[in-house]
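Novice: Starting from these lines, generate the structure:
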Amino acid sequence: MTTFEVWAPSTSPRLSVNGTEHAMEPADGGWWRLDLPSVGPGTDYAYVLDGADKPLPDPRSAWQPRGVHEPSRLYDHAAFAWTDAAWTGRHLPGAVLYELHIGTFTPQGTFDAAIERLDHLVELGVDLVELLPVNAFNGEYNWGYDGVCWYAPHEAYGGPDGLKRFVDAAHGRGLGVVLDVVYNHFGPSGAYAPMFAPYLSAGQNSWGSSLNLDGPDSGEVRRYIADSVLMWLRDYHVDGLRLDAVHALHDEGATHLLEQLAVEVESLSTALRRPLTLIAESDLNDSKLITPREGGGYGLHAQWDDDVHHALHTLLTGERQGYYGDFGSLDCLRTVLTGAFFHAGTWSSFRGRRHGRPVDRQRTPGHRFVAFLQNHDQIGNRAIGDRLTATLSPGLLRVAATLLLTSPFTPMLFMGEEWAATSPWQFFTSHPEPELAAAVQTGRRREFARHGWAESEVPDPQDPATFERSKLDWSELGKPGHAEMLAFYRKLIRLRRSVPDLTDPWLADVEVWHGDQHVVIRRGRYAIAVNLAAEPRTVSVRAVPSAVLLATAEGVVLQRDRVELPPESAVVVRTSR
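Specialist: Prediction:
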């Protein structure tokens, strides 16, 4: 006997199985149910709504084997043979994250192909693998932020079993898995849930209609999101979720959705006896998200920190356009390394107003901020998707890595960064609808034309070549320049892991001073000295340097209380302090 359930408060849905329609029985709260005998996993089904021109997939479908427009298929979560019974999880504090996109991480673009590269991540020193969204979307490939089935892994990647094989294999190698999830909007094609019930509000955000989180019938919409969150963590054994653009979750209820999720995930974590992590992406610069509930916050575990990226990127590249306008100085770098946010109740010229609020440096540990040099947004939203390798010298790439991986934050790498990959990561889509495809093509080109790019220079998101160009070239690993960079990243991560002062999260204990194109960061007994100039610099470390733990270039000379640095280099030294 299989029970079918669907929430449709304003209509009378009918269940379609093998071409036969069945009337459903009303239940409480606008739900409809039906028990059918002799129907089990592998059976295709759909719902028939009055006024719809075809049967529709289940809004809570666990499997869409023929795409988001076709019937759902029953899936049995209990049937998968897990081998990770001994897995106890991975805590975020002290960890190194690695962001990857399943479709471009390997030539094949599948979960199973990605498994073959997990040993590379183990040797690199990664603790948690963060997957860009994998829930089902229309078309064969895109970034994943156009998802419409919030319970079903994308079939082209390997479907539900493929994701489970990946997580199981990662756990077997000691790697945790974080999944990027999008609950602030539905994608533009295949979003049938709003035809069943009031999932959407009248409000709009940057990507379309907002979710109904605080209006009539919003309780079931919130439940729809919360149940999806718990499903990924429970049924797929995922260790954490990165919640996309939470500033677009408009919720004026007494208990914000984010706090509700934190409470329910804490309960699940307790039951499973392993840590479960919620990481928010937010542009609000408000540490209330990561303040414990006991302190009046939402109780999430971490949030992405774009200000750290902006400070590092502008300082190293010299770019100042758009939202980079206020960043780029050594003072700015000092501010973010000691306070997490640059805009902390300060004027933002990009926004034309004051933005953010200060972080309590005494009480808020730095590991609650995920920092990065590159990520899918900061590369893919550039006109041609160029990485830092297209802009910075090998020396400055090493300097950048040193600044990130000796910071008090939780560092995250973007796939290929560790060997200075030269492949771009561009904006790509595969919308089969001609009108939608044309709109994306035109919109992308017009957007960058306003910033001075010729339309012919902006890659066509719908061109399959754009997707193919964005795939990692694994043959680079053994080539000159790339092999040395990989070895450096491995050494740097080992150093971070072996020296407790370099993972110490307390922002109030970080000291930073700077001079003419150089900066020094004090981390307990250790100093990180950086020379950004094209000529040598001798800089004070305000203590007696006793040993070099890591240098990005040859020629470092230790003096009584100073370090002589080659051009575009950094060094980590132990001092007498």
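Novice: What is the strand or helix carrying G219 packed up against?
Specialist: If you go by DSSP states H and E, G219 is part of helix 218-235. Using 3 or more Cβ pairs under 8 Å, 6 or more residues apart in numbering; DSSP states H and E as the contact definition, the elements that helix 218-235 packs against are strand 149-153, strand 176-181, strand 240-243, helix 257-272. Every C-beta, even on glycine, is put in place using the N, C-alpha and C of the backbone.
Novice: For my notes, please list the ones you listed in CSV and give mean pLDDT, distance to G328 and mean neighbour count for each entry.
Specialist: Written out in CSV, the entries for the helices and strands packed on helix 218-235 read as follows (pLDDT from 0 to 100; distance: least, Cβ to Cβ, whole Å; neighbours: other Cβ atoms under 10 Å):
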stretch, mean pLDDT, distance to G328, mean neighbour count
strand 149-153, 98, 39, 26
strand 176-181, 98, 29, 24
strand 240-243, 98, 27, 25
helix 257-272, 98, 32, 17
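Novice: Same list (these) but as TSV, adding distance to D326.
Specialist: As requested, the helices and strands packed on helix 218-235 are exported to TSV (distance: least, Cβ to Cβ, whole Å):
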stretch	distance to D326
strand 149-153	36
strand 176-181	28
strand 240-243	26
helix 257-272	27
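Novice: what's the spacing between the nearest residue to A52 once chain neighbours are set aside and G51?
Specialist: Among residues not flanking A52 along the chain, M195 sits closest, at 6.4 Å (Cβ to Cβ, 6 or more residues apart in numbering). Taking Cβ to Cβ, to the nearest Å as the criterion, M195 is separated from G51 by 8 Å.
Novice: So if I had to pick from these two, which one is more boxed in?
Specialist: Of the pair M195 and G51, M195 is the one with more neighbours under other Cβ atoms under 10 Å, namely 15 against 6.
Novice: Surely that one and V48 touch.
Specialist: No. When contacts are counted by Cβ atoms under 8 Å, M195 is not listed as touching V48 (11.3 Å).
Novice: intersection of neighbour lists for the two?
Specialist: Shared contacts of M195 and V48 (Cβ atoms under 8 Å, 6 or more residues apart in numbering): L56.
Novice: quick one on the thing from earlier: and of the helices and strands packed on helix 218-235, who's closest to W87?
Specialist: Relative to W87, the nearest member of these by Cβ to Cβ is strand 176-181, separated by 8.7 Å.
Novice: Tell me which of the helices and strands packed on helix 218-235 sits nearest to L486.
Specialist: For these, proximity to L486 was assessed by Cβ to Cβ; strand 176-181 is nearest, at 21.9 Å.
Novice: which residues of the stretch 451-577 of the chain fall in helices?
Specialist: Counting by DSSP state H, counting those that start in this stretch, residue ranges of the helices within the stretch 451-577 of the chain are 464-469, 482-498.
Novice: next one: the stretch 251-400 of the chain
Specialist: According to DSSP H, counting those that start in this stretch, the stretch 251-400 of the chain carries its helices in the segments 257-272, 306-317, 330-339, 376-380, 394-405.
Novice: I'd like the mean pLDDT over the shortest one, please.
Specialist: What it means is helix 376-380. Taken as a whole, helix 376-380 has an average pLDDT of 97.
Novice: what's in contact with it?
Specialist: 99, 101, 132, 143, 309, 313, 372, 385-387, 414, 424-427.
Novice: which ones are touching the nearest residue to R293 once chain neighbours are set aside?
Specialist: Here the nearest residue to R293 in space, its sequence neighbours aside, is G299; by Cβ to Cβ, 6+ apart that works out to 4.1 Å. The neighbourhood of G299, defined by Cβ under 8 Å, 6+ apart, consists of 259, 262-263, 266, 291-293.
Novice: For L404, state which of those residues is nearest.
Specialist: Nearest to L404 among the contacts of G299 is T291, at 24.4 Å by Cβ to Cβ.
Novice: burial measure for the closest one, as a count.
Specialist: T291 has 19 neighbouring residues, counting by other Cβ under 10 Å.
Novice: what's the answer for H343, then?
Specialist: Count around H343 with other Cβ under 10 Å applied: 23.
Novice: From A534, how far out is L565?
Specialist: For L565, the distance to A534 under the criterion Cβ to Cβ works out to 12 Å.
Novice: Mind checking which of those two has more residues around it?
Specialist: Set side by side, L565 and A534 give different neighbour counts by other Cβ under 10 Å, the larger being at L565 (25 against 10).
Novice: partners of that one in the sheet?
Specialist: With beta bridges defined as DSSP bridges, L565 has these partners: R537.
Novice: any idea how far L532 is from it?
Specialist: Between L565 and L532 the distance is 10 Å, computed by Cβ to Cβ.
Novice: then the helix-or-strand element of the chain with minimal mean pLDDT to PDB, C-alphas only?
Specialist: Ranked by mean pLDDT, DSSP states H and E, the weakest helix or strand in the chain is helix 434-449, scoring a mean of 92. The C-alpha atoms that make up helix 434-449 are tabulated as PDB, following Å, rounded to 0.1, in the frame of the first residue of the first chain:
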ATOM      1  CA  PRO A 434      13.300  29.400 -27.400                       C
ATOM      2  CA  GLU A 435      11.700  32.400 -25.800                       C
ATOM      3  CA  LEU A 436      13.500  31.800 -22.400                       C
ATOM      4  CA  ALA A 437      16.800  31.100 -24.100                       C
ATOM      5  CA  ALA A 438      16.600  34.300 -26.100                       C
ATOM      6  CA  ALA A 439      15.700  36.300 -23.000                       C
ATOM      7  CA  VAL A 440      18.700  35.000 -21.200                       C
ATOM      8  CA  GLN A 441      21.000  35.600 -24.100                       C
ATOM      9  CA  THR A 442      19.800  39.200 -24.600                       C
ATOM     10  CA  GLY A 443      19.800  40.000 -20.900                       C
ATOM     11  CA  ARG A 444      23.300  38.800 -20.300                       C
ATOM     12  CA  ARG A 445      24.700  40.800 -23.200                       C
ATOM     13  CA  ARG A 446      22.800  44.000 -22.300                       C
ATOM     14  CA  GLU A 447      24.000  43.800 -18.700                       C
ATOM     15  CA  PHE A 448      27.600  43.800 -19.600                       C
ATOM     16  CA  ALA A 449      27.200  46.300 -22.500                       C
END
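Novice: Now find how far off-centre stretch 436-456 is within its chain.
Specialist: Chain-centre distance of stretch 436-456: 25 Å, with Cα atoms, centre = their mean, to the nearest Å.
Novice: Begin at 816, not 1, for the rest of this chat.
Specialist: Yes, from this point I'll number from 816; that puts the last item at stretch 1251-1271.
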